[in-house]
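Engineer: sequence and predicted structure, then a few things I'm wondering about:
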Amino acid sequence: MTSPLPIEIIGGGLAGLSLGLALRRAAVPVSLFEAGTYPRHRVCGEFIAGLDASTIKALGLAPFLSDALRHQEVAWFIREKLSREQTLPAPALAISRHVLDARLAAAFVNAGGILHTGRRVTEIGQPPGRVFTSGRRRTPSPWLGLKIHALDLPLTRDLELHIGSEAYVGLARVDARRINISGLFRRRPLQAQGAALLLAYLQAAGLPRLAERLAACRSDADSFSAVAAVGFDRQVPVISGRFCLGDAYAMIPPFTGNGMAMAFQSAAIALPVLLKYTHGEMTWPAATRDVQTALRRHFRLRLTSAAILHPFLLQLPRQRWLATLNRTRLLPLRPLYAALH
């Protein structure tokens, strides 16, 4: 019996790790290259909305998410005024990436995968069997992402979403003590570091009461993360013929809480096609074409919907319309949730 062809994965985030683990369970030789190390904190809402049961089953994710918190109640604040409370149609999962990434990485190695950490692959060519899951595309951008874990911070609901001046911030509990605070901000010439930088951005965004709440509690300094040059293309332009998954394929605006789910879903979409390739049942160009077509079909509606709604969270005139629609209950939150997930 012929041995399966090997797969090389560039990028050790959720898409890369879950795909690599699923391939190893099918006895496929897998090497994974990750520029960072584990465990690590990342700028991420750590709030997984829209992750379907079929994806969890296909990738064997249930053991890694068994202790994730289930959140369903959401409070929207626009310019520090409560605008709307919402119950999600289905519970979302909340779990620290510091925990989740490390679990997946350990399971991948235990399953016989070859993990190279601290290795940045600069060769962007596309030999057969190379899969890119290397995260967001770095591009000139006015946006900045900031994240920190606050300790024992009381919340009004499972998830709070605060909309400010060219900024929005999400708060979600990820374990018994930790509240993940992550936000997207227009970059400003502010001079500070760590939690002080986040506080300065909250003040500049017209969210002083939220800044006071954060300043009044302890935070985990080691959890602070920042990422600049954040772009939100509906689909990332890629070199023709490249096999891209997760954020390397497309990055959805973070307010949807759907980025982590999309990473897993893209891996689940690619898995059966890659298994056919590794067993000689299809060529690499055919596998690449089939997966990219499936990704476009699966994610087109949610990416387009998110791109349309995103400016309403960041631009003042549109925020006023959003507040009015929310206040009068004319904003169709359930249909929007369905479109975005």
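Structural biologist: Cool, got the structure.

Engineer: shaky segments in the stretch 201-341 of the chain?
Structural biologist: Within the stretch 201-341 of the chain, the stretches with pLDDT under 70 are 229-240, 321, 323-341.

Engineer: ok, Leu316 - how many residues close by?
Structural biologist: Look at Leu316: counted by other C-beta atoms under 10 Å, it has 11 neighbours. Every C-beta, even on glycine, is put in place using the N, C-alpha and C of the backbone.

Engineer: kindly report the same for Glu80.
Structural biologist: Residues lying near Glu80 (other C-beta under 10 Å) number 13.

Engineer: could you check how far the residue lying closest to it once chain neighbours are set aside is from Pro89?
Structural biologist: What sits nearest to Glu80 in space, not counting adjacent residues and going by C-beta to C-beta, 6 or more residues apart in numbering, is Arg209, at 5.3 Å. Computed with C-beta to C-beta, to the nearest Å, the distance linking Arg209 and Pro89 is 30 Å.

Engineer: okay, helices next: where are they in the protein?
Structural biologist: 14-25, 53-59, 62-65, 97-110, 194-204, 208-215, 259-278, 284-314, 316-327, 333-340 (DSSP state H).

Engineer: could the ones you listed be laid out in TSV, adding distance to Leu5?
Structural biologist: Below are the helices of the chain laid out as TSV (distance: least, C-beta to C-beta, whole Å):
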stretch	distance to Leu5
helix 14-25	11
helix 53-59	20
helix 62-65	27
helix 97-110	18
helix 194-204	46
helix 208-215	50
helix 259-278	5
helix 284-314	9
helix 316-327	50
helix 333-340	37
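
Engineer: deepest-packed of these, please.
Structural biologist: helix 14-25 (a mean of 27; mean count of other C-beta atoms under 10 Å).

Engineer: what mean pLDDT does it have?
Structural biologist: Averaging pLDDT along helix 14-25 yields 98.

Engineer: and the contacts of it?
Structural biologist: Residues from elsewhere that reach helix 14-25 (C-beta atoms under 8 Å, 6 or more residues apart in numbering): 7, 9-10, 30, 32, 34, 58-61, 100-101, 104-105, 107-108, 111-113, 131, 133-134, 245-248, 260, 263-264, 266-268, 270-271, 274-275, 278.

Engineer: tell me how far that helix lies from the chain's centre.
Structural biologist: In terms of C-alpha atoms, centre = their mean, to the nearest Å, the centre of helix 14-25 is set 17 Å apart from its chain centre.

Engineer: same check, this time on stretch 9-23
Structural biologist: How far stretch 9-23 lies from its chain's middle: 14 Å, per C-alpha atoms, centre = their mean.

Engineer: also stretch 154-164?
Structural biologist: Its chain's C-alpha centre and that of stretch 154-164 lie 18 Å apart, by C-alpha atoms, centre = their mean.

Engineer: got the buried residues for that stretch?
Structural biologist: Within stretch 154-164, the residues that count as buried by 16 or more other C-beta atoms under 10 Å are Leu155, Arg157, Asp158, Leu159, Glu160, Leu161, His162, Ile163, Gly164.

Engineer: mind picking the two most distant members of these?
Structural biologist: Spatial extent of those (C-beta to C-beta) is set by the pair Asp158 and Gly164 at 20.6 Å.

Engineer: could you give the bridge partners of the closest residue to Ala226 other than its chain neighbours?
Structural biologist: Excluding the flanking residues, the one nearest Ala226 by C-beta to C-beta, 6+ apart is Leu146, at 5.3 Å. Beta bridges link Leu146 to Gly183, Ala226 when assigned by DSSP bridges.

Engineer: go ahead and confirm Leu146 touches Asn180.
Structural biologist: No - the pair Leu146 / Asn180 is not scored as a contact, 11.5 Å apart, by C-beta atoms under 8 Å.

Engineer: tell me how far the residue nearest in space to the middle of the chain lies from Gly170.
Structural biologist: With distances taken as C-alpha atoms, centre = their mean, the chain has Gly259 as the residue nearest its mean C-alpha position (3.3 Å). In this view, Gly259 and Gly170 are 12 Å apart by C-beta to C-beta.

Engineer: the nearest residue to Leu171 once chain neighbours are set aside: what's it in contact with?
Structural biologist: Excluding its sequence neighbours, the residue lying closest to Leu171 (C-beta to C-beta, 6+ apart) is Glu160, at 4.2 Å. Neighbouring residues of Glu160 by C-beta under 8 Å, 6+ apart: Val74, Ala75, Phe77, Gly170, Leu171, Ala172.

Engineer: which member of those residues is positioned nearest Ala94?
Structural biologist: Nearest to Ala94, judged by C-beta to C-beta, of the contacts of Glu160 is Ala172 at 5.0 Å.
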